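okay, predicted coordinates and the sequence, questions at the end:
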Amino acid sequence: MTISTFWEALELDAASPPVVAIVGGGGKTSLLFRLGREARDRGLAAVLTGTTRFTTPASRTRGTTLLDAADKRLDAIIEAAGTAVLHAGREPKGRWTPATPAAVDTLAARPGLGLLAIEADGSKMRPFKAPANHEPVIPDSATHVVAVVGLRALDASLDGELVHRPERVRAIVGPKDQATSEVIARVLSDERGGRRQVGDRRFAVLVNQAELDPARAHGLAQVIRAAGVPRVIVASLNDEASPIRETLA
């Protein structure tokens, strides 16, 4: 299936406004800002935020306005179809304090909003993870959930530097040593893993870092799709011009 935008690939037109919770491994922040850019290209007002601590890398923030949650300029930005990055305060190491799920739900009901995208869990910059009991933090208003996995994790040691919470991975897949395609697919398709708290929301998996090995990225996506994930996107989020490689649905 040939699709050129994440807006189309994730079927965001199915909700008004779409409220997208982004979970999983490395690539969440890049996807967050990419969705904001695509909303801007459509002339839609967008709010980007997190229900866990998140960062705003300078390379991704062009065209956005950074606001504290109490800033009264938000109404004007939405009315002008702008893009706001909303936080609840400054944290150490350049991170921002997250919004509460209740605050996100209030935002989702704001008139004129075209997109609300949320970074909904953390991975310590690692490309593959399974969530802890307190993760992810998905607000009630979320309409879509996207689980991200980076290709760098494929066949990596579960106890190495590329996997976050390996004990949670093993709680799902058993006593495995490597993040094989089958292990990754099992975790991402499981309600204790990538589908945790998804419920009946639209769900997709994004295989990021496809530029490292397109054939391996395609193979991993096929295994994830066969595990029962309804929509799998293969992408290179660092490719600003054409990030999407393929969509399996």
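That came through, no problem.

tell me what the helix or strand L206 falls within is packed against?
L206 belongs to strand 202-208 when elements are defined using DSSP states H and E. Packing contacts for strand 202-208, counted by 3 or more C-beta pairs under 8 Å, 6 or more residues apart in numbering; DSSP states H and E, involve helix 28-41, strand 144-150, helix 214-226, strand 232-235. The way it works is simple: take the backbone N, C-alpha and C, and place the C-beta from them, glycine included.

apply 7 Å and report the result again.
Strand 202-208 sits against strand 144-150, helix 214-226, strand 232-235, with contacts defined as 3 or more C-beta pairs under 7 Å, 6 or more residues apart in numbering; DSSP states H and E.

as CSV, these with distance to A130, mean pLDDT and mean neighbour count would be great.
Compiled in CSV, these are given as follows (distance: least, C-beta to C-beta, whole Å; pLDDT from 0 to 100; neighbours: other C-beta atoms under 10 Å):
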stretch, distance to A130, mean pLDDT, mean neighbour count
strand 144-150, 10, 98, 27
helix 214-226, 14, 98, 18
strand 232-235, 18, 98, 26
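
nearest to K72, out of the ones you listed?
Nearest of these to K72, taken as C-beta to C-beta: strand 144-150 at 28.8 Å.

now that closest one and helix 214-226, what's the angle there?
140 degrees (axes from the mean of the first three to the mean of the last three C-alpha atoms, to 10 degrees).

listing partners with orientation, what would you give for strand 144-150?
Its sheet considered, strand 144-150 pairs with strand 19-24 (parallel), strand 202-208 (parallel) by DSSP bridges.

right, and the helix or strand after that strand?
Where DSSP H and E defines the elements, the next helix or strand beyond strand 144-150 is strand 163-164.

name every strand pairing with that next one and say which way it goes.
When DSSP bridges is applied, strand 163-164 pairs with strand 128-129 (parallel).

before we move on, the earlier item: would you list the helices and strands packed on strand 202-208 in TSV and tack on distance to G122?
Output for the helices and strands packed on strand 202-208, formatted as TSV (distance: least, C-beta to C-beta, whole Å):
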stretch	distance to G122
strand 144-150	12
helix 214-226	22
strand 232-235	21
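
right, I'll leave it there.
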